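Enquirer: Next come a sequence and a model predicted from it.
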Amino acid sequence: MAAWSKVVADLRSHWNDPFYRNSYYLILNTLVVAGSGFIFWALVARVAVPSEVGRASAAVAILMFLATLAKLGMDISLLRFLPAVKEGEAGRILDTALTLTAIGSILASLVFLLGTPFWASELVAMRDNPFFAVGTVVLTVMWTAASLLDLAFTSRRRSDYALAKNTIHALARVALLLALAPIFHAPGIVLAAIGSVSIAAGIASVLWLRRAEPGYVPRLRIDPETFRMTFRASASNYAVSLALAIPAAIGPVLVLQRGSAQDAAVFYVLWMIGSVGMIVPTAFGQTLLVELSGTASASARLFGKPFALALAASAGVMVAGWVLLPVFGPYYAQRGFWAIIPFAIAAIPGYVLQARIALLRGQNRYVPLVAGPIVAAASFVGLLFFAVPNMVLAGWAWFAAMTLGAAATFLYHHAPAR
């Protein structure tokens with residue numbers, strides 16, 4: 001009985017540690033998003049032909065990149081600076097972040113729409129749909145704001161609110177798909193994917209934002225002092241975020257342009273399943289900024305239990321891929337059976353990359369921070385260019401890119417600080 005009581009006490013102590021509790025909520029949050037994404041794209045694969053799936057997935061990937069482009073590095077700045085601000089005084093940081101990213105979202109989406117013939121000619125027909133064009137601008141703004149809400153909740157150690165928001169997102173995404181896809185086809189798929197985020201963000205703003213930040217009322221303003229305080233961190237983190245987002249954004253488009261829409265559909269499904277393995281490093285990396293800020297004990301905590309979870313996640317993704325690919329249909333199962341292996345195990349070097357990035361962010365070492373992500377992004381795009389349309393080679397291109405990026409970040413992390 002005493003032994004059982006000790007186990008319970010240890011578990012309670014582990015859960016009460018904000019570092020682990022916030023991380024586990026983030027992991028569960030991402031699992032909800034990933035699980036609903038799997039259901040969403042499995043339904044898409046069943047109701048649409050592979051060519052429509054390929055075009056829709058490429059468009060969603062580009063819009064996700066636009067959202068990253070529009071954040072201007074303010075997402076990581078929220079994690080870096082908001083935890084140290086007292087409740088009731090966070091308005092200037094939140095307002096500055098939301099206003100800057102709204103402006104960035106509008107500009108980025110307009111550039112995408114105007115330049116579609118040059119960098120994604122396969123998507124011109126979708127761009128010419130007026131519902132898709134208007135929806136791209138409005139929903140990119142909402143998508144960016146929704147991601148900042150998640151980080152604001154995390155900064156206040158209320159990742160449970162982010163989990164609730166994204167559960168609403170998961171349910172709304174499937175409902176919108178069933179409503180829009182039969183009418184608008186590929187554009188309807190895209191609008192369902194990003195429109196659901198807007199619904200969830202609106203509900204979360206009403207129900208939970210004021211609980212996380214008592215007395216806060218959003219305003220359109222840019223606070224000069226906040227801008228100066230966050231500029232250096234935002235600039236470096238912006239470069240890192242863009243580099244990390246390039247593979248997910250450029251990958252489907254490159255496959256679409258170099259191969260076919262069917263190739264892009266298979267690639268996106270493999271990428272989506274494989275990315276589940278990156279849940280653990282992303283969650284613990286975000287929590288590190290909130291809880292530890294690069295202290296000496298950070299490295300030990302990141303490469304202990306969290307690394308073991310990352311290994312288990314990689315193996316689990318591989319097995320889950322073999323089980324789940326047939327759900328999308330025999331075409332996806334046949335082409336993805338062997339390719340899922342490198343996509344899954346890429347999470348292992350990916351964990352090392354993300355963990356080192358988190359440590360460098362916490363130590364304010366902004367110049368070496370960008371090395372690994374840039375190496376990973378550049379090597380992936382270059383290797384994928386020659387791998388298409390072979391999905392197995394595409395998977396190994398991703399594994400190699402993560403390995404090279406992790407190696408570069410490891411070397412820079414152990415270089416003398418300047």
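Expert: Alright, I've got the coordinates.
Enquirer: give me every residue that touches A97.
Expert: 74-75, 77-78, 148 (CB atoms under 8 Å, 6 or more residues apart in numbering). To be clear about C-beta, it is placed using only N, CA and C from the backbone, and glycine gets the same treatment.
Enquirer: would you list every one of the helices in the stretch 301-418 of the chain?
Expert: 305-328, 330-336, 340-345, 347-362, 366-369, 371-387, 391-413 (DSSP state H, counting those that start in this stretch).
Enquirer: can you put these in JSON lines and add mean neighbour count and mean pLDDT?
Expert: What follows is the helices of the stretch 301-418 of the chain, written out as JSON lines (neighbours: other CB atoms under 10 Å; pLDDT from 0 to 100):
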{"stretch": "helix 305-328", "mean neighbour count": "18", "mean pLDDT": "80"}
{"stretch": "helix 330-336", "mean neighbour count": "18", "mean pLDDT": "88"}
{"stretch": "helix 340-345", "mean neighbour count": "24", "mean pLDDT": "91"}
{"stretch": "helix 347-362", "mean neighbour count": "25", "mean pLDDT": "78"}
{"stretch": "helix 366-369", "mean neighbour count": "18", "mean pLDDT": "67"}
{"stretch": "helix 371-387", "mean neighbour count": "20", "mean pLDDT": "90"}
{"stretch": "helix 391-413", "mean neighbour count": "22", "mean pLDDT": "88"}
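Enquirer: Taking the contacts of A97, tell me the two that lie furthest apart.
Expert: Greatest spacing in the contacts of A97, by CB to CB: S77 and L148 (10.1 Å).
Enquirer: quick one: which of the contacts of A97 is nearest V276?
Expert: D75 (20.9 Å).
Enquirer: Please give me every residue in contact with the closest one.
Expert: D75 neighbours (CB under 8 Å, 6+ apart): 97, 147-148, 151, 237, 241.
Enquirer: Please indicate which of those has the highest neighbour count?
Expert: The most crowded member of those, judged by other CB atoms under 10 Å, is A97 (30 neighbours).
Enquirer: Output the below-cut-off pLDDT ranges for this structure.
Expert: Along the chain, the model assigns pLDDT under 70 to residues 1-23, 87-88, 119, 184, 232-234, 279-306, 361-368, 412-418.
Enquirer: Wait, A339 touches A387, no?
Expert: No: using CB atoms under 8 Å, A339 is not in contact with A387, being 10.3 Å away.
Enquirer: Now do the residue lying closest to I345 once chain neighbours are set aside against R46, distance only.
Expert: Computed as CB to CB, 6 or more residues apart in numbering, the closest residue to I345 that is not its neighbour in sequence is S314, at 5.4 Å. Separation of S314 from R46 (CB to CB, to the nearest Å) stands at 28 Å.
Enquirer: Quick one: neighbours of A179, just the number.
Expert: 14.
Enquirer: Touching, A70 and T101? I think so.
Expert: Yes: the criterion here is CB under 8 Å, and A70 meets it with T101 at 5.3 Å.
Enquirer: The helix or strand hosting M126 - contacts with which helices or strands?
Expert: Using DSSP states H and E, M126 maps to helix 124-127. Contacts defined by 3 or more CB pairs under 8 Å, 6 or more residues apart in numbering; DSSP states H and E place helix 124-127 against helix 91-119, helix 186-207.
Enquirer: can you give me the angle the host helix or strand of F153 makes with helix 91-119?
Expert: Following DSSP H and E, one finds F153 within helix 130-155. Angle, helix 130-155 to helix 91-119, by axes from the mean of the first three to the mean of the last three CA atoms, to 10 degrees: 140 degrees.
Enquirer: Check which residues of the top helix by length along the chain are buried.
Expert: Longest among the helix segments of the chain by residue count, using DSSP state H, is helix 224-258. Buried residues in helix 224-258, counted by 16 or more other CB atoms under 10 Å: 226-227, 229-230, 233-234, 236-257.
Enquirer: Quick one: name whatever helix or strand follows it.
Expert: helix 261-274.
Enquirer: Between helix 186-207 and that next one, find me the angle.
Expert: Using the same axes, to 10 degrees: helix 261-274 against helix 186-207 is 30 degrees.
Enquirer: can I assume I199 is in contact with R173?
Expert: No: contact between I199 and R173 fails when scored by CB under 8 Å: they sit 9.0 Å apart.
Enquirer: who has more neighbours, the two?
Expert: Neighbours were counted for I199 and for R173 using other CB under 10 Å; R173 has more, 24 against 19.
Enquirer: just checking, which of the contacts of A97 belong to helices?
Expert: Per DSSP H, the subset of the contacts of A97 in helices is 74-75, 77-78, 148.
Enquirer: If anything else comes up later, I'll come back, but that's it for now.
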